[in-house]
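Trainee: What would the 3D arrangement of this be:
(chains A and B)
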Protein chains: 2
Amino acid sequence: MIFQTFTEQQLRSFTEAVFLKMGCSDTHARLAADVLLKSDLRGIDSHGVARLSGYVRLWEKKRINSRPDIKIVHQTATTATVDGDAGLGLVVAPFAMELAIEKAKVYGSGWVSVRNSNHFGIAGYHSLMAVENDMIGISMTNASPLVAPTYSSERLLGTNPMCYAFPAGAYPPVVVDMATAAAANGKLEIAQRADLPIPEGWVQNKQGHSSTNAHELKNGGSLLPLGSDKDHGSHKGYGLGATVDILSAVLSGANYGPWVPPFVAFLEPPSDPVGEGIGHFLGAMRVDGFRPAAEFKTHLDNWIARFKSSGTIDPSKKVIIPGEPEYLSEQQRREKGIPLIDAVVKDLNELAQKLGSHTLS
Amino acid sequence: MIFQTFTEQQLRSFTEAVFLKMGCSDTHARLAADVLLKSDLRGIDSHGVARLSGYVRLWEKKRINSRPDIKIVHQTATTATVDGDAGLGLVVAPFAMELAIEKAKVYGSGWVSVRNSNHFGIAGYHSLMAVENDMIGISMTNASPLVAPTYSSERLLGTNPMCYAFPAGAYPPVVVDMATAAAANGKLEIAQRADLPIPEGWVQNKQGHSSTNAHELKNGGSLLPLGSDKDHGSHKGYGLGATVDILSAVLSGANYGPWVPPFVAFLEPPSDPVGEGIGHFLGAMRVDGFRPAAEFKTHLDNWIARFKSSGTIDPSKKVIIPGEPEYLSEQQRREKGIPLIDAVVKDLNELAQKLGSHTLS
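Mentor: A predicted model of the protein is given here:
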């Protein structure tokens, strides 16, 4: 695999320019680029600028509205439902989290369910907005159906990620940001490119039998929930995916389950929608709504220190604090740049040429 | 295995009498019995009256206070921290959930972190209190350390359950109530009694190697997080267990991680506590804080109907809606009684004799 490395600023101005060409406002272009760059900086390459052309294709199909009128359609003091007007999830979700944070500032907590949105990038971005305000941040989203519930041969749930982020003191924030499937689709794609078998427990074939074929999804197979099989708790992964789906979509009026529209432009959304677009759920709770923030951070630092110094099975593999590898990647990539594989660079440059924007190199 | 079957009322009055002998108030005895009975009714035998003598032993050791002065020690409009005064979690957690519900009635949502408590029974009981008010109920608790984080050879987390419950319309509530370990300790105990090997992926031995020995925990082994190993997402189960620990204890001022006091009376709590007792986290959100409750229920019914009618791998195994088996058990056991194994009946009768309470049969 050949890489080229770019500075954060190079990729940021490139990405902003593409969003501007899509017709986004200056503010939205800057924000959407910030969400994608955060993903690349944090080492989550599957959710960063590599997805840019995916968003553009959905806009070309008029499934993404680059000039959304994002609105609060229902609210109480600490809850709200937001209609994203088919906008980029990259701008709709931050709008909703900002609202949750404003409510939390006044009342201690804020909770916003979102409908009529699109892919929101990494969940961690949104949760970290709350952390910057000394709040606990919660974010989740549903996604197009790829995962079969326990005992099912059908794809009924997305990889439906959930994220919880907590502000620490001396240490970086604890960020639990996870798909509720056993293996992320990105891992499958790596095996597909290398034409390698995958471990049992990641996917099942069309009939619902265990498979080690990385291409099984193309043949009607499904991803498996976290837990992989009933004996190992796949009903729990299914339950978590269901929780994300209900909070994000049944609560907001978005599409849920098998009705969630696909992220890829070459697949059409279901013709019998049960709601609007995809759904998210965002929450913020002030730490000092429970105990003084400094006290919380001192104890979270103690928690982190204890887990980091845990006895290990293999001396070369330390216990990892959730969010720590992403934080280290961010420090490193800010300084040394962001590597992109050649296929992504080529795709981005073709995109720029098509839109009349500047190329990367 | 020999069973005896008792009516709900028989077990309820027996259990209330035991709590009264412990010195609980009438109200607390009734409530604590109700939590345990709900577990037996719902078919979660490991968390019902079978645990009664465990609570009594902790009270005998003065680690449970039967006359607690449960207090709100910190609060905002929608958040609070409650000190359980070393009371039964069976009464402390409902106090906290009641507070969350009262806050939600006024402000849309309510969130309560609890310290200085004890084992709270099934998480589902507390979440269902919110559901009865047309709210979404969330409950979690930390527990004594049995689970090793990914790459660790140490027990640093409890089986730390999390529960999300949602009110449906025509169907029973959706209740996702799950330990964040791959397998519940109860399943291990069944294999121990039968002296049978367990599947790989449930436990590791003292050195951190995979084991199929059901007795491994007695030899210094650990339960594994949901996901079982790194390839299958054990870091996600670890992240969920960590989330429960932080929300329940780092936020409230309870003990966390390896400092959580054991439920069993024959093991002493750590001599260097980092907080008070064990911790819980309870939340309630009004459904109509997001959309009209009837609309939500109609769509949740549609969600349930679609999942129930899913194509299946094995025609004899339908897709299960989270909470459905427990609901069916409750209907059946209310009518036909609750079966207890002889060993439990014997243990309960010995307990009654010791306390001078009436026996079961």
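
Trainee: Now do the same contact list for the closest residue to residue A:216 other than its chain neighbours.
Mentor: Nearest non-adjacent residue to residue A:216, counting by CB to CB, 6 or more residues apart in numbering or on different chains: residue A:203, 4.6 Å away. Backbone N, C-alpha and C define where each C-beta goes, glycine included. Counting by CB atoms under 8 Å, 6 or more residues apart in numbering or on different chains, residue A:203 touches A:183, A:188, A:211, A:213-214, A:216-217, A:221-224.

Trainee: and residue A:203, what are its bridge partners?
Mentor: Beta bridges link residue A:203 to residue A:211, residue A:223, judged by DSSP bridges.

Trainee: gap between it and residue A:320?
Mentor: 25 Å (CB to CB, to the nearest Å).

Trainee: returning to that earlier point: mind pulling the model confidence for the residue nearest to residue A:216?
Mentor: Here, the pLDDT recorded for residue A:203 equals 97.

Trainee: and if you look at residue A:135?
Mentor: 98.

Trainee: What is the burial count for it?
Mentor: Using other CB atoms under 10 Å in any protein chain shown, residue A:135 is surrounded by 29 other residues.

Trainee: repeat for residue A:76
Mentor: Residue A:76, neighbours per other CB under 10 Å, totals 19.

Trainee: And the one 10 residues further on, by the same measure?
Mentor: Neighbours of residue A:86 under the rule other CB under 10 Å: 20.

Trainee: residues touching it, list them.
Mentor: A:63-65, A:68, A:116-118, A:276-277 are the contacts of residue A:86 under CB under 8 Å, 6+ apart.

Trainee: quick one on the thing from earlier: so which of the contacts of residue A:203 is the most crowded?
Mentor: Highest count within the contacts of residue A:203 by other CB under 10 Å belongs to residue A:224, 29 neighbours.

Trainee: That residue: what's it in contact with?
Mentor: Contacts of residue A:224 by CB under 8 Å, 6+ apart are A:147-148, A:181-183, A:201-204, A:234, A:237.

Trainee: In helices only, show me those.
Mentor: A:234, A:237 (DSSP state H).

Trainee: Please tell me which one of the contacts of residue A:224 counts the most neighbours.
Mentor: residue A:181 (34 neighbours).

Trainee: Assess the claim that that residue and residue A:149 are in contact.
Mentor: No - Residue A:181 lies out of contact with residue A:149 (CB atoms under 8 Å); the separation is 11.4 Å.

Trainee: where do the contact lists of these two overlap?
Mentor: With CB under 8 Å, 6+ apart as the test, residue A:181 and residue A:149 both reach A:225, A:241.

Trainee: right, is stretch A:243-252 up against chain B?
Mentor: Yes - applying CB under 8 Å from any CB of the partner chain, one finds that stretch A:243-252 is in contact with chain B at A:243, A:245-247, A:250-252.

Trainee: In contact with the residue minimising distance to the centre of chain A, which residues?
Mentor: Centroid-nearest residue in chain A, with CA atoms, centre = their mean: residue A:122, separated by 3.0 Å. Each residue near residue A:122 by CB under 8 Å, 6+ apart is listed here: A:35, A:38-39, A:42, A:44, A:47, A:177.

Trainee: rerun that using 7 Å as the cut-off
Mentor: By CB atoms under 7 Å, 6 or more residues apart in numbering or on different chains, residue A:122 lies in contact with A:38-39, A:44, A:47, A:177.

Trainee: gap between it and residue A:90?
Mentor: 10 Å.

Trainee: Equivalent analysis for residue A:28, please.
Mentor: 8 Å.

Trainee: how about the residues of the stretch 1-150 of chain A that lie near chain B?
Mentor: A:74, A:76-79, A:81, A:107-109, A:111, A:113, A:149-150 (CB under 7 Å from any CB of the partner chain).

Trainee: Confirm for me that residue A:6 is in contact with residue A:338.
Mentor: Yes - assessed by CB atoms under 7 Å, residue A:6 is found in contact with residue A:338 at 5.5 Å.

Trainee: Of the two, give the one with the bigger neighbour count.
Mentor: The neighbour comparison of residue A:6 against residue A:338 (other CB under 10 Å) goes to residue A:338, with 24 against 21.

Trainee: Surely residue A:262 and residue A:144 touch.
Mentor: Yes - look at residue A:262 against residue A:144 with CB under 7 Å: they come within range, at 4.2 Å.

Trainee: More neighbours: the two, which one.
Mentor: residue A:144 (21 against 18).

Trainee: my read is the more buried one is in a strand, agree?
Mentor: No - counting by DSSP: H, G, I helix; E, B strand; the rest coil, residue A:144 falls outside a strand, being coil.

Trainee: Tell me where the model's unsure across the stretch 101-250 of chain A.
Mentor: Along the stretch 101-250 of chain A, no part satisfies pLDDT under 70.

Trainee: can you give me the offset of the helix or strand harbouring residue A:90 from its chain's centre?
Mentor: Using DSSP states H and E, residue A:90 sits in helix A:89-107. Chain-centre distance of helix A:89-107: 16 Å, with CA atoms, centre = their mean, to the nearest Å.

Trainee: Check which residues of it are buried.
Mentor: Going by neighbour count (16 or more other CB atoms under 10 Å in any protein chain shown), the buried part of helix A:89-107 is A:89-101, A:103-104, A:107.

Trainee: For that helix, name the packing helices and strands.
Mentor: Under the contact criterion of 3 or more CB pairs under 7 Å, 6 or more residues apart in numbering or on different chains; DSSP states H and E, helix A:89-107 touches helix A:26-41, strand A:79-83, strand A:109-117, helix A:123-131, strand A:135-141, strand A:278-286.

Trainee: what about dumping the CA coordinates of that helix to CSV?
Mentor: Output in CSV follows, covering the C-alpha atoms of helix A:89-107 (Å, rounded to 0.1, in the frame of the first residue of the first chain):
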residue,chain,number,x,y,z
GLY,A,89,-25.2,14.7,9.7
LEU,A,90,-21.8,16.4,10.1
VAL,A,91,-23.6,19.7,10.7
VAL,A,92,-27.0,18.5,12.0
ALA,A,93,-25.5,16.5,14.9
PRO,A,94,-23.3,19.4,16.2
PHE,A,95,-26.4,21.6,16.1
ALA,A,96,-28.3,19.1,18.3
MET,A,97,-25.3,18.6,20.7
GLU,A,98,-25.0,22.4,21.0
LEU,A,99,-28.7,22.5,22.0
ALA,A,100,-28.1,19.6,24.5
ILE,A,101,-25.2,21.5,26.0
GLU,A,102,-27.2,24.8,26.3
LYS,A,103,-30.0,22.9,28.1
ALA,A,104,-27.4,21.2,30.4
LYS,A,105,-25.9,24.6,31.3
VAL,A,106,-29.2,25.7,32.7
TYR,A,107,-30.9,22.5,33.9
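
Trainee: the domain parsing of chain A - what is it?
Mentor: A:1-66+A:344-361, A:68-182+A:228-308, A:190-223 (automatic domain parsing).

Trainee: ok now the last one, how far from the chain's centre?
Mentor: The reference is to domain A:190-223. For domain A:190-223, the distance to the chain centre is 22 Å (CA atoms, centre = their mean).

Trainee: ok, back up a step: between strand B:109-117 and the helix holding residue A:90, find me the angle.
Mentor: Angle of helix A:89-107 versus strand B:109-117, following axes from the mean of the first three to the mean of the last three CA atoms, to 10 degrees, is 70 degrees.

Trainee: ok, now how distant is residue A:7 from chain B?
Mentor: 30 Å (CB to the nearest CB, to the nearest Å).
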